[in-house]
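Q: only geometry, no sequence info:
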């Protein structure tokens, strides 16, 4: 080791230039592991877990270097100086890697929160559809139960107009429910739920499927109204 040399992130350089009398297998391995982890983290770029691993390994290599400093003896001053430089370098690199870990973790958390917010919007849309469907279910049930009286009071043509309006609303609500339910199901299958708790995801999917079934039953009820309307128009024309 030449006097005044600085530590290099190169295991082969270190092994070649250190004092041959100094056994450094643990440090060699620790330094190599850190370099590999750092390269992997840099290639990935924004993976917080890889940066955390690099940080931990840098501090582990620093510990090994620090222990070697105390083992340096006579005529190993240059090696000792480089090891002391390694301690400083690896401490800095470990802290830098931890900063990267925290920064990318924050970004990842924000991204997960945005995805969770999108999932939450689908949930809110589903609740709105459920409210609209509930109101329409009551209206259809009332129209079906009082169809005879309604036709006698407002006439077959007006009843048919009312049924057509209800049909349009039923179709629109069902389509909205299908779209929202598909979005929720796709998000769950592909893991695009962000930080949404698993239990909440399962609950949303169950609610979506139940609402789909209600919408299908609603269409059957509306079909019944259309038949009554058609019969009423035919009777009026006869």
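A: That came through fine. Since the model is a prediction, treat every value here as computed from it, not as a measurement.
Q: strands of the chain, residue ranges please.
A: Counting by DSSP state E, one finds no strands in the chain.
Q: now do the helices in it.
A: Secondary structure of the chain (DSSP state H): helices at 11-17, 25-44, 48-69, 77-145, 147-154, 156-190, 198-237.
Q: who wins for proximity to residue 5 among these?
A: Distance to residue 5, taken as Cβ to Cβ, is lowest for helix 77-145 among those, at 5.9 Å. Every C-beta, even on glycine, is put in place using the N, C-alpha and C of the backbone.
Q: packing partners of that closest one?
A: Applying 3 or more Cβ pairs under 8 Å, 6 or more residues apart in numbering; DSSP states H and E, we find helix 77-145 packed against helix 25-44, helix 48-69, helix 156-190, helix 198-237.
Q: quick one: distance of the helix or strand bottoming out on mean pLDDT in the chain to the chain centre.
A: Using mean pLDDT, DSSP states H and E, helix 77-145 stands out as the lowest-scoring helix or strand of the chain, at a mean of 88. Relative to its parent chain, helix 77-145 has a centroid offset of 6 Å by Cα atoms, centre = their mean, to the nearest Å.
Q: got the angle between it and helix 48-69?
A: Angle of helix 77-145 versus helix 48-69, following axes from the mean of the first three to the mean of the last three Cα atoms, to 10 degrees, is 160 degrees.
Q: any idea which of the helices of the chain gets closest to residue 2?
A: Nearest of the helices of the chain (Cβ to Cβ): helix 77-145, 6.6 Å.
Q: report the angle between the closest one and helix 198-237.
A: Per the same axes, to 10 degrees, the angle that helix 77-145 makes with helix 198-237 is 20 degrees.
Q: start at 34 instead
A: In the new count, where the first residue is 34, that last one comes out as helix 110-178.
Q: okay, angle between helix 110-178 and helix 58-77 too, please.
A: 40 degrees.
Q: against residue 81, how distant is the residue most central in space within the chain?
A: The residue lying closest to the centre of the chain (Cα atoms, centre = their mean) is residue 227, at 2.5 Å. Here residue 227 is placed at a distance of 15 Å from residue 81 (Cβ to Cβ, to the nearest Å).
Q: got it, and residue 133?
A: Counting by Cβ to Cβ - residue 133 and residue 81 are separated by 8 Å.
Q: alright, calling it a day.
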